[in-house]
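1. Provided below are the primary sequence and the corresponding predicted coordinates.
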Amino acid sequence: MVVNAVCLVLGVLAAAAAGLWAWRRWHPVSFWYGVGFPVRAVLVYLTWHHVASGCKLTLKRRRLRVTLDAVPVLGAAGRGAATVVEHKRRVRRVDVERAPRLGVLRPTGLGWRMRLRLHDGQVPADYEKAAEGIAHAWRVHSVRVVDVRPGFVTLWATMRDPLTEVSVEPETGELLRVRPGKLENGTDWVMDFRVVPHWLNAGATQSGKSNLANAIIKGLAPQPVALVGFDLKGGVEFTPYAPRLSALATSRKESVDLLADLVGEVESRMALCRAHGARNVWTLPEELCPVPVVALVDEVAELFLMADKSEKDEVSKSATALLRVAQLGRAFAVYLVVCGQRIGSDLGPGVTALRAQLSGRVCHRVNDPETANMTLGDLDPAALDAARAIPAETPGVCVVAGQDGSWHRARSVFVPEAVAEQAARDHAHLTPDWGVLIGSVPAVRPAA
């Protein structure tokens, strides 16, 4: 009987283990919400005080504690008489460690979120410093401070790195919205040019900078927009996409002319809005709304470098025109994606002024700290540290920051050049004629 009972128990346990394994293998999402997260939540609540103490997040407070002390009193008959024990109350001050108050854990697809109430004197930076220690204590991939409100912070814990493999389609089917990859919280990385009009994309060779440009072109190709290219590598990057480009400049001289066209188009749209009492082109009547223009600039440093004084005039003209487009383009549906390997203040004050107008920032792995600092340094020091920690063996991984000040680690989906070229050919019929668009003979036309 005992042997049969033991065998029965072992069989039930084996069947339960096999069932849990199959559940986790074939339905990982429901397993996480049904089993994984509840177990993790219990462990977090049970160990939070110990983890907070180890990460120096606890606060010592003195409290009054009342204790009962037993005091022996001799009997009235003197020595040899019975001893009477009298209990006296004593009030003592003791130091008590208090951990930050932990709110309700809310599950996410990759981990959980929890809100903490700060102790007096604490700031969110204290939790940012302790995030790595908390992640190690809980055996998770990472812990980040994702939301800050007066007196509260929200921590977001992820069990695994969602950027190991990224598979997503760049096309969204919505005007001026592309989906180039995934964010570290597992959601889609969406670039909405109507919300964040201008982007700075920095990265070293083989870091994923050009791949992001491919994803943007593939995502915008099926949309009714005009794509304009500035390829300062002599055209080797953007010429294959010429069927979908309304205009392409491959040298600084051509860039000066094409930028002059862009500035002129912005001024024309400005006059159109003024004539109809509209603040931007999106409030114009539908029949008057002009075609949106997205300009992609590759190797922007080439616009600012001078070999001798004879190039000073071209540099000044191109820098001024690019800055004007960045300053005025948003309201008139002219948007910029500026890419470069090297973006530093040594290129001149025009680069710093241009950066201030590019509210969207993407920083891949870079070769020098100055480029990372120019891209992210004016937003959040933590984002800068995350960008500097991107390993070379993870192309496409980057730090993305938008106009709201928040930042995320992200990774763009791999888009081979052949795929982007095919998308350009497939949607070549959507390419607006540059001369018709600007109302004059085009300064630069894409190669046939």
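-> Yep, it's here.
2. got any ranges where this structure has weak pLDDT?
-> 1-2, 61-96, 378-379, 403-405, 440-448 (pLDDT under 70).
3. which residues of this protein fall in helices?
-> 2-26, 28-31, 37-54, 124-138, 209-220, 252-275, 312-328, 349-357, 369-376, 381-388, 417-426, 434-438 (DSSP state H).
4. so which of those helices gets nearest residue 184?
-> The stretch from the helices of the chain with the least distance to residue 184 (C-beta to C-beta) is helix 381-388; that distance is 9.6 Å. Just so you know, the C-beta spots here come from the backbone N, C-alpha and C atoms, and that holds for glycine as well.
5. tell me the angle the closest one makes with helix 124-138.
-> Interaxial angle of helix 381-388 relative to helix 124-138 (axes from the mean of the first three to the mean of the last three C-alpha atoms, to 10 degrees): 50 degrees.
6. helices or strands next to helix 381-388 in the packing?
-> helix 369-376, strand 397-401, strand 407-412 (3 or more C-beta pairs under 8 Å, 6 or more residues apart in numbering; DSSP states H and E).
7. pull the distance from that helix to the chain's centre.
-> Centre-to-centre, helix 381-388 and its host chain are 11 Å apart (C-alpha atoms, centre = their mean, to the nearest Å).
8. next: stretch 24-41.
-> 26 Å.
9. tell me if I'm right that residue 252 and residue 303 touch.
-> Yes: counting by C-beta atoms under 8 Å, residue 252 touches residue 303, with 6.2 Å between them.
10. now do the shared contacts for the two.
-> 232, 315, 318 (C-beta atoms under 8 Å, 6 or more residues apart in numbering).
11. what's the neighbour count on the residue nearest to the second one when sequence neighbours are not counted?
-> Nearest residue to residue 315, sequence neighbours excluded (C-beta to C-beta, 6 or more residues apart in numbering): residue 306, at 5.5 Å. Neighbouring residues of residue 306 were enumerated by other C-beta atoms under 10 Å; the total is 14.
12. again, but for the one 5 residues further on
-> Using other C-beta under 10 Å as the criterion, residue 311 is surrounded by 13 other residues.
13. can you tell me which residues contact it?
-> Residue 311 is in contact with residue 252, counting by C-beta under 8 Å, 6+ apart.
14. against residue 341, how distant is it?
-> 20 Å (C-beta to C-beta, to the nearest Å).
15. same thing with residue 265?
-> 29 Å.
16. which ones are touching the residue nearest to residue 265 when sequence neighbours are not counted?
-> Spatially, and ignoring its direct neighbours in sequence, residue 265 is nearest to residue 438 (5.0 Å; C-beta to C-beta, 6+ apart). The neighbours of residue 438, taking C-beta under 8 Å, 6+ apart as the test, are 261, 264-265, 268.
17. ok, residue 365 next?
-> 203-204, 207-208, 387, 390-392, 394-395, 397.
18. between the residues you listed, which is closest to residue 351?
-> Taking C-beta to C-beta as the measure, residue 351 sits nearest to residue 203 out of these, at 16.2 Å.
19. so what's the residue count around residue 264?
-> Per other C-beta under 10 Å, the neighbour tally for residue 264 reads 15.
20. same thing with residue 227?
-> 27.
21. distance of it from residue 260?
-> Residue 227 is 18 Å from residue 260, by C-beta to C-beta.
22. could you find the closest non-adjacent residue to residue 228?
-> Residue 228 sits nearest to residue 295 (C-beta to C-beta, 6+ apart), 4.3 Å away.
23. domain-wise, how is the chain divided?
-> Per automatic domain parsing, the structural domains of the chain span 38-49+67-72+83-160, 177-438.
24. distance of residue 197 from residue 296?
-> Residue 197 is 14 Å from residue 296, by C-beta to C-beta.
25. neighbour count: the two, which is higher?
-> residue 296 (25 against 22).
26. list the contacts for that one?
-> Taking C-beta under 8 Å, 6+ apart as the criterion, residue 296 is in contact with 213, 216-217, 227-230, 238, 337, 339.
27. okay, the residues you listed in TSV with distance to residue 13 next?
-> What follows is the contacts of residue 296, written out as TSV (distance: C-beta to C-beta, whole Å):
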residue	distance to residue 13
213	55
216	54
217	56
227	62
228	66
229	64
230	66
238	62
337	58
339	58
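28. closest to residue 359 out of those?
-> Set against residue 359, the nearest of these by C-beta to C-beta is residue 337 (12.4 Å).
29. right, and the closest one touches residue 295 too?
-> Yes: contact criterion C-beta under 8 Å: residue 337 and residue 295 qualify, at 7.2 Å.
30. drop anything exposed from the contacts of residue 438.
-> Neighbour counting by 16 or more other C-beta atoms under 10 Å classes 261, 265 among the contacts of residue 438 as buried.
31. just the buried positions in stretch 141-160, please.
-> Buried-residue list, stretch 141-160, by 16+ other C-beta under 10 Å: 142-145, 153-159.
32. for the domains of the chain, give me CSV that also has distance to residue 170.
-> Shown next, in CSV, are those (distance: least, C-beta to C-beta, whole Å):
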stretch, distance to residue 170
domain 38-49+67-72+83-160, 22
domain 177-438, 3
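33. out of these, which one sits most buried?
-> domain 177-438 (a mean of 19; mean count of other C-beta atoms under 10 Å).
34. how far off centre is that one?
-> What separates the centre of domain 177-438 from the centre of its chain is 17 Å, taken as C-alpha atoms, centre = their mean.
35. now do the end-to-end distance for that domain.
-> 24 Å (C-alpha to C-alpha, to the nearest Å).
36. let's have the chain start at 28 instead
-> Let's use 28 as the start, then, which means that last one is domain 204-465.
37. once you drop chain neighbours, what's closest to residue 442?
-> Closest residue to residue 442 apart from its sequence neighbours, by C-beta to C-beta, 6+ apart: residue 241 at 4.1 Å.
38. who are the neighbours in contact with the nearest residue to residue 457 once chain neighbours are set aside?
-> In this structure, residue 457 finds its nearest non-sequential neighbour in residue 251, 6.3 Å apart by C-beta to C-beta, 6+ apart. Shown in contact with residue 251 (C-beta under 8 Å, 6+ apart): 202, 318-319, 457.
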